[in-house]
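Peer 1: Predicted model and sequence follow; I will ask about them next.
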Amino acid sequence: MTRRRPPRRRTRRPSKRRQQRDAQLAGLLVAAGVAVMVVRWLTAHWWIVVVVVVLVLGALAGAGWLYTRRQQKTWEAVRARGLSYQLREPDALHHAQFEEAIRELMRRDGCDAIRVGGGGDLGADVKATDPYGRLWVIQCKHRRNGLAGSAVGTPDLQVLNGTARPARPMLGAA
C-alpha cells in the first residue's frame, strides 16, 4: 500500500502589525542599551558634561547679547534716519515741542540729553553730555508764530550771551 502523505501544513506569516510591534520592541531595546552605555560613560567623565554645559550657556548668552546689540543698532539707525527736520518744520512747533526736538536731535547725535526747560530753568532748556564727556547746556530761542512771528529780540540774546560760560560738570546733570 502506498503511504499517504500527510497534508502539508501551511505556516502562517506573522501579521504586519506583529512585525511592526516586534520592530518597535527591538528598537526600544537597542535604545535602552545605548542609553545605559551613555549614562555609564557620563558618570565616568562628568567633568566633560560640566564643560559642555558651560560652553553651551556661554554661547547662548553671547548670541543673545549679539542679537540685542544688533537690534539696538538697527533701531538707532532707523530712528536717526527718521529724526530730521525740514527748515520750516521747527518753526511750526510750539516752544515746548521745539525744546523736545532739540533734545531728540542731541540724542540722535549720540548725546545723553534731557529737557529741563520751563519756569526757573536758569537758562537751560536742554542739558546733554556728548560722547566725549562734555556738558552741553542749551537755551532754546524760538519764534512764537514761526516765520510770521517776530524774531528773538536783542535783549534776549544779550541775556543769553551774558550767562554763557564754560560749565563744570554738575552732579545729577544729564
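Peer 2: In hand now; what should we look at?
Peer 1: contacts, neighbours, all on C-alpha from now
Peer 2: Noted.
Peer 1: can I see the domain layout of this structure?
Peer 2: The chain breaks down by automatic domain parsing into domains covering 16-80, 87-163.
Peer 1: for those domains, which one sits closest to Pro6?
Peer 2: For the domains of the chain, the distance to Pro6 is smallest for domain 16-80, at 29.6 Å, taking Cα to Cα.
Peer 1: The closest one: how far from the chain's middle?
Peer 2: On the basis of Cα atoms, centre = their mean, to the nearest Å, the separation between the geometric centre of domain 16-80 and that of its chain is 25 Å.
Peer 1: Against Gly62, how distant is Leu93?
Peer 2: Per Cα to Cα, to the nearest Å, Leu93 is found 44 Å from Gly62.
Peer 1: And these two? Which one has more around it.
Peer 2: Neighbours were counted for Leu93 and for Gly62 using other Cα atoms under 10 Å; Leu93 has more, 18 against 12.
Peer 1: tell me the centre residue of this protein?
Peer 2: Thr68 (3.4 Å; Cα atoms, centre = their mean).
Peer 1: Could you list every helix and strand in contact with the helix or strand where it lies?
Peer 2: Applying DSSP states H and E as the criterion places Thr68 in helix 46-82. Counting contacts by 3 or more Cα pairs under 8 Å, 6 or more residues apart in numbering; DSSP states H and E, helix 46-82 is packed against helix 95-108.
Peer 1: neighbouring strands for the helix or strand following the helix it packs on, and are they parallel or not?
Peer 2: Using DSSP H and E, the helix or strand that follows helix 95-108 in sequence is strand 112-115. According to DSSP bridges, strand 112-115 forms sheet pairs with strand 126-129 (antiparallel).
Peer 1: returning to what we had before: any idea which of the domains of the chain is most buried?
Peer 2: Among these, the stretch with the highest mean neighbour count (mean count of other Cα atoms under 10 Å) is domain 87-163, at a mean of 16.
Peer 1: hey, least reliable of the domains of the chain by pLDDT?
Peer 2: Ranked by mean pLDDT, the domains of the chain bottom out at domain 87-163, which scores a mean of 79.
Peer 1: Can you get me the centre-to-centre distance for it and its chain?
Peer 2: The answer for domain 87-163 is 30 Å, by Cα atoms, centre = their mean.
Peer 1: Let's have the domains of the chain in JSON lines, adding distance to Pro7.
Peer 2: JSON lines is the format used below for those (distance: least, Cα to Cα, whole Å):
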{"stretch": "domain 16-80", "distance to Pro7": "27"}
{"stretch": "domain 87-163", "distance to Pro7": "97"}
